[in-house]
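> pasting the sequence and the predicted coordinates here, then a few questions.
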Amino acid sequence: MNLLTQKFETKYDTAPFSKIKNEDFLPAFQEGIAKAKAEIDAIVANTELPTFENTIEALAFSGNILDRISSIFFNLHSAETNDELQQIAQEVSPLLSEFSNDIRLNAALFAKVKTVFEQKETLKLTPEQNTLLEKKYKGFSRNGANLSEDKKLQLREIDKELSKLSLHFGENILAETHAFELHLTDEKDLSGLPEGAIEAARSLAKSHDKEGWIFTLDHPSYLPFVTYADNRDLRKKMAIAFGAKGFHNNTLDNQENVLKIAKLRFERANLLGYATHAHFVLEERMAQDPEKVKTFLNDLLAKAQPAAQREFKQLTQFAKELHGIEQLEKWDGAYYSEKLKQQLFKLDDEKLKPYFQLENVLQGAFTIAQKLYGLTFTEIFDIDKYHEEVTTYEVQDENGNLVALFYADFFPRKGKRNGAWMTSFKSQYIKNGVNERPHISNVCNFTKPTETKPSLLTFNEVTTLFHEFGHGLHGMLANTTYPSLSGTSVYWDFVELPSQIMENWCYEAEALALFATHYQTGEVIPMALVQKIKESASFQEGMATMRQLSFGLLDMGWHGQDPTGITNLKAFETEQFAATQLYPDVKENAMSTAFSHIFQGGYSSGYYSYKWAEVLDADAFEYFQEKGIFNTEVATKFKDNVLSKGGTEAPMVLYKRFRGQEPKPEALLRRAGLV
């Protein structure tokens with residue numbers, strides 16, 4: 001009997017981590033898939049007429065055991081992995097992918113779903129049931145279930161070719177990144193670089209059996225070099241190499257891959273009945289269509305451009321006064337911006353860190369959640385953990401009811417991937433009258449405590465903790481019937497609202513006073529420092545906004561129109577960048593040939609989402625500021641209409657119910673200091 005496929009006999013149905021063995025996973029997945037398939041077969045075999053209950057609802061609750069096994073396994077694979085788990089992941093991933101294809105291409109199942117979908121006007125469904133029905137139907141139709149057999153075959157061929165091309169695109173970028181190195185042997189070429197960057201370059205050279213220092217195009221090596229190196233010619237060499245990835249007309253060139261990917265995506269969208277790839281993608285986003293995205297980006301551009309040009313002029317003047325630079329080039333931007341920022345704000349992260357002891361910051365997040373949403377977090381010691389560094393909390397509402405369990409995992413270690421994320425070990429849903437509460441986790445990589453010092457965070461890490469905690473609250477406060485609509489299961493351009501809005505409290509004196517106290521003296525952070533943090537937050541925001549918008553517009557250029565006429569990648573890019581250009585063009589460089597977000601990751605037609613979510617969070621937080629940042633009336637509206645509702649209704653419907661109106665970009669412009 002496999003522990004993972006049985007009901008856990010544990011407190012709150014928590015995962016029994018200490019009892020799970022690696023060898024349990026593969027048979028558990030196989031059994032979980034078999035059980036889920038049997039549930040699907042039972043839906044198909046049912047001889048009664050298809051109804052919402054016996055088809056859509058049955059489908060929504062199928063595969064529950066498999067989902068639970070998957071969430072436990074893949075969370076461990078990210079936070080506490082080893083060779084064995086990685087090997088299991090290689091074996092399990094194709095099984096899961098095959099299983100989801102078997103469902104999507106099950107014609108008999110789709111026929112039943114379609115029958116229910118076609119009666120939806122007469123069914124008297126709740127908004128949540130209506131959303132579930134639409135999502136289930138679209139899950140089939142958007143993946144080709146309505147196509148004729150020959151077109152289904154064509155779709156499979158396109159998908160196969162696209163997956164090969166994007167894999168090839170990524171392999172080329174990796175190879176191009178590794179093919180370049182800047183090998184320095186003269187110590188004076190290191191002038192300006194921080195000690196840490198020099199040390200890393202020395203150890204890299206040593207590992208290559210070379211004298212001196214080696215710098216590469218990997219971010220941890222590249223960014224400090226172009227930001228701090230005094231030698232302008234060397235910065236130029238690095239920047240040109242970085243911008244030329246996949247654009248060398250050699251065996252690793254990505255121009256052909258980009259053109260093929262864009263054209264195949266267009267062909268695929270047409271096959272499924274959409275005008276362009278962006279029309280296909282955006283149907284399942286808040287933005288809805290390419291015209292709305294282009295209008296959104298261009299409106300922001302019109303507002304950001306004057307500020308960006310002002311900032312660029314200031315930077316140009318500064319570089320000229322400091323070093324007699326006549327024409328500011330791309331390889332000068334980060335270098336002179338850093339120098340100007342230090343001169344203007346004299347803000348040193350090392351001076352801030354003593355005020356941000358990890359335990360205090362976490363307690364601050366808990367206190368803010370208590371003031372806003374009436375939640376209390378109590379550390380508990382009687383549930384299983386997957387690592388001794390994890391801390392576990394029982395989360396209750398003001399009436400003492402269990403809201404969620406919260407796992408916090410904050411330090412780097414072998415077997416844990418970089419970065420910060422929120423996830424869950426168990427979703428929230430309501431079945432047979434029981435509201436199953438969620439088990440939510442925040443995972444980060446902060447500095448570990450030493451013998452003499454506790455874990456002290458940079459301000460950037462403070463906002464990271466609050467950001468992930470915001471996602472956590474979205475998961476903890478979930479209150480929906482169906483697991484697939486619960487918590488963070490929302491549109492891509494809406495999911496960052498709960499996380500990004502939480503970051504705002506980090507800049508407020510009233511909130512900082514709750515947790516930003518010196519770890520040795522207990523002194524509250526001086527208001528002069530808080531002021532500097534606020535002022536520096538909008539430094540060169542115009543230029544940063546222009547850069548983001550240029551990427552979003554390039555993405556829409558490739559995907560929001562018919563790309564079949566594009567033959568020259570560089571000429572097409574130059575045209576797309578015309579409205580956002582500040583620095584002179586570099587003829588050796590191209591953006592698209594290394595734009596992994598849209599040609600390898602999941603952001604095609606979605607790069608605008610970053611800015612979209614910023615508009616939502618700035619507008620939402622302005623509402624809090626108007627009424628008081630701890631106003632419970634506004635907080636309750638946010639909880640009831642956004643945090644608890646998951647993906648049960650269209651995001652704009654939920655947002656307007658909270659705010660009383662659509663979000664206005666002006667709030668973002670005000671916060672960014674652009675008006």
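Received, thanks.

> I'd say residue 194 and residue 223 touch.
No: contact criterion C-beta atoms under 8 Å: residue 194 and residue 223 do not qualify, at 11.0 Å. All C-beta spots, glycine's among them, are computed from the backbone N, C-alpha and C.

> where does the protein dip in pLDDT?
Within the chain, the stretches with pLDDT under 70 are 349.

> which residue is the nearest non-sequential neighbour of the spatially most central residue of it?
With distances taken as C-alpha atoms, centre = their mean, residue 496 lies nearest the centre of the chain, 7.5 Å away. Spatial nearest neighbour of residue 496, excluding adjacent residues (C-beta to C-beta, 6 or more residues apart in numbering): residue 613 at 3.6 Å.

> any idea how far residue 572 is from that neighbour?
Residue 613 sits at a distance of 28 Å from residue 572 (criterion: C-beta to C-beta, to the nearest Å).

> can you tell me what sits against stretch 405-418?
12, 14, 78-82, 358, 362, 377, 383, 385, 387, 389-395, 425, 437-446, 448, 455, 472, 476 (C-beta atoms under 8 Å, 6 or more residues apart in numbering).

> what of stretch 75-87?
22, 25, 73, 89, 386-387, 409, 415-417, 421, 423, 425, 441, 443.

> out of those, who's nearest residue 278?
If you rank those by distance to residue 278 using C-beta to C-beta, residue 421 comes first, at 27.4 Å.

> bridged to the closest one, which residues?
residue 443 (DSSP bridges).

> which helix or strand contains residue 364?
In this assignment (DSSP states H and E), residue 364 forms part of helix 358-373.

> got the CA coordinates for that helix in CSV?
What follows is helix 358-373, C-alpha atoms only, in CSV (Å, rounded to 0.1, in the frame of the first residue of the first chain):
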residue,chain,number,x,y,z
LEU,A,358,14.3,38.5,9.0
GLU,A,359,12.2,37.4,12.0
ASN,A,360,11.0,41.0,12.6
VAL,A,361,10.1,41.5,8.9
LEU,A,362,8.1,38.3,8.9
GLN,A,363,6.3,39.3,12.1
GLY,A,364,5.7,42.7,10.5
ALA,A,365,4.0,41.0,7.5
PHE,A,366,1.9,38.9,10.0
THR,A,367,0.9,42.0,11.9
ILE,A,368,-0.1,43.8,8.7
ALA,A,369,-2.2,40.8,7.7
GLN,A,370,-3.8,40.9,11.1
LYS,A,371,-4.7,44.6,10.9
LEU,A,372,-6.1,44.2,7.4
TYR,A,373,-7.7,40.8,7.4
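
> for the top strand by length along the chain, buried residues please.
Taking DSSP state E as the criterion, the chain has its longest strand at strand 402-409. For strand 402-409, the neighbour count (16 or more other C-beta atoms under 10 Å) marks 403, 404, 405, 406, 407, 408, 409 as buried.

> any figure for the gap between the first one and residue 15?
As judged by C-beta to C-beta, residue 403 and residue 15 stand 18 Å apart.

> most widely separated two among the contacts of stretch 75-87?
22 and 421 (22.4 Å).

> got JSON lines for the buried residues of strand 402-409, with distance to residue 149 too?
Formatted as JSON lines, those follow (distance: C-beta to C-beta, whole Å):
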{"residue": "403", "distance to residue 149": "50"}
{"residue": "404", "distance to residue 149": "47"}
{"residue": "405", "distance to residue 149": "48"}
{"residue": "406", "distance to residue 149": "49"}
{"residue": "407", "distance to residue 149": "47"}
{"residue": "408", "distance to residue 149": "51"}
{"residue": "409", "distance to residue 149": "48"}
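
> name the nearest of the residues you listed relative to residue 61.
Of all these, the one with the least separation from residue 61 (C-beta to C-beta) is residue 404, at 20.5 Å.

> give me the neighbour count for the nearest residue to that closest one once chain neighbours are set aside.
In this structure, residue 404 finds its nearest non-sequential neighbour in residue 476, 3.8 Å apart by C-beta to C-beta, 6+ apart. When counting by other C-beta atoms under 10 Å, one arrives at 27 neighbours for residue 476.

> right, and residue 476 touches residue 394 too?
No: using C-beta under 8 Å, residue 476 is not in contact with residue 394; the gap is 11.2 Å.

> still on that earlier bit, the longest strand of the chain to helix 358-373, inter-axis angle?
Interaxial angle, strand 402-409 versus helix 358-373 (axes from the mean of the first three to the mean of the last three C-alpha atoms, to 10 degrees): 160 degrees.

> narrow the contacts of stretch 75-87 to those in helices?
22, 25, 73, 89 (DSSP state H).

> JSON lines for those, including neighbour count and distance to residue 482?
Converted to JSON lines, the ones in helices among the contacts of stretch 75-87 look like this (neighbours: other C-beta atoms under 10 Å; distance: C-beta to C-beta, whole Å):
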{"residue": "22", "neighbour count": "14", "distance to residue 482": "32"}
{"residue": "25", "neighbour count": "24", "distance to residue 482": "26"}
{"residue": "73", "neighbour count": "22", "distance to residue 482": "22"}
{"residue": "89", "neighbour count": "14", "distance to residue 482": "27"}
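
> in the protein, which spans are strands?
Using DSSP E, strands in the chain cover 182-184, 213-215, 376-379, 391-396, 402-409, 421-426, 429-431, 434-436, 439-443.

> I am finished for the moment; much appreciated.
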